[in-house]
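**Student:** Build me a model from this:
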Amino acid sequence: MRSPRFALRAAVVAAALTACGTGDETSAAPPEARSEAAASSAAFDYWVLALSWSPEYCASRDARPDSNQCTSPHEFVVHGLWPQFERGHPEFCDTRTRVDERIARRLEPLVPDRGLVFHQWKKHGSCSGMDPDAYFSTLEKARAAIQVPASFLAAAADRRVRRIDLEQAFVDVNPGMSARSITIHCTGGRLREVRVCLGKDLAPRACGADVDEACGRELGVRPVD
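**Tutor:** As a prediction, this is how the structure comes out:
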């Protein structure tokens, strides 16, 4: 026969589970629904998808000669998917959680540099309200949602383009995008990065006030070798 003390303890545990929920409802939801719920409740306002023009990065002093990104030709690669406030952004929210190696391997077509995968989680993904698997799945979906203009990728020679024309080329092939959804960033007057602002549902939206242009009216674009 159970003691009165055991019965009392069981009653307290049962009451706590009833008040807080057992978690069965959440764990039963599919991973995609759980990640969307985590993002919608996390303390940020929207995403910035940063697409790095790989030829420019690999020609810069920042590039590591042994980086997978630069040992074979790449076009746009994902620099990161950043939680953003309407002004400013959170950083380094949870530096203890680690990214599994299998996630880095899975992301190689989009983020060839594995070190960048780990860094992006620590600096940005850790502020998403998601675990690493859900965050990087969202990154994959965000990249798949953005089309790169075929005419832009087709050029095989170094050329000069107007910034407004590059922005419009992206707008033309991405429904719902406007010129306010995209900013262009340069290094030394050359294309370094395209940043696209997305809602938590990954639909294009206007960028906040501090996601501004960092290019002149005209910019150089290195070809993909």
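
**Student:** Look at the most centrally placed residue in the chain and tell me its secondary structure.
**Tutor:** Central residue of the chain (Cα atoms, centre = their mean): L81, 1.4 Å from the mean position. Put simply, L81 is strand when judged by DSSP: H, G, I helix; E, B strand; the rest coil.

**Student:** need the contact list for it.
**Tutor:** Residues near L81 by Cβ atoms under 8 Å, 6 or more residues apart in numbering: 47-50, 120, 124-125, 135, 138-139, 142. The way it works is simple: take the backbone N, C-alpha and C, and place the C-beta from them, glycine included.

**Student:** List the ones among those that fall in helices.
**Tutor:** Those of the contacts of L81 mapping onto helices are 120, 135, 138-139, 142, per DSSP state H.

**Student:** what would these look like in JSON lines with distance to V224, pLDDT and neighbour count?
**Tutor:** Shown next, in JSON lines, are the ones in helices among the contacts of L81 (distance: Cβ to Cβ, whole Å; pLDDT from 0 to 100; neighbours: other Cβ atoms under 10 Å):
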{"residue": "Q120", "distance to V224": "23", "pLDDT": "96", "neighbour count": "24"}
{"residue": "Y135", "distance to V224": "28", "pLDDT": "97", "neighbour count": "24"}
{"residue": "T138", "distance to V224": "27", "pLDDT": "97", "neighbour count": "23"}
{"residue": "L139", "distance to V224": "22", "pLDDT": "98", "neighbour count": "24"}
{"residue": "A142", "distance to V224": "22", "pLDDT": "98", "neighbour count": "18"}
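
**Student:** Any regions of the protein where pLDDT drops low?
**Tutor:** Within the chain, the stretches with pLDDT under 70 are 1-41, 154-156.

**Student:** For it, just list every one of the helices.
**Tutor:** 4-20, 24-28, 31-41, 54-58, 68-71, 101-106, 114-123, 132-145, 150-154, 163-173.

**Student:** which other helices and strands contact the last one?
**Tutor:** Read that as helix 163-173. Helix 163-173 sits against helix 150-154, strand 182-187, strand 190-198, strand 218-221, with contacts defined as 3 or more Cβ pairs under 8 Å, 6 or more residues apart in numbering; DSSP states H and E.

**Student:** Could I get the ones you listed in TSV, plus columns for mean neighbour count?
**Tutor:** Below are those laid out as TSV (neighbours: other Cβ atoms under 10 Å):
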stretch	mean neighbour count
helix 150-154	11
strand 182-187	21
strand 190-198	22
strand 218-221	17
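
**Student:** Next, format these as CSV and append distance to G115.
**Tutor:** Below are the helices and strands packed on helix 163-173 laid out as CSV (distance: least, Cβ to Cβ, whole Å):
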stretch, distance to G115
helix 150-154, 26
strand 182-187, 20
strand 190-198, 18
strand 218-221, 26
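
**Student:** show me the contacts for E56.
**Tutor:** 187, 190-192, 221-222.

**Student:** scratch that, E86
**Tutor:** For E86, the contacting residues are 45-46, 208-209, by Cβ under 8 Å, 6+ apart.
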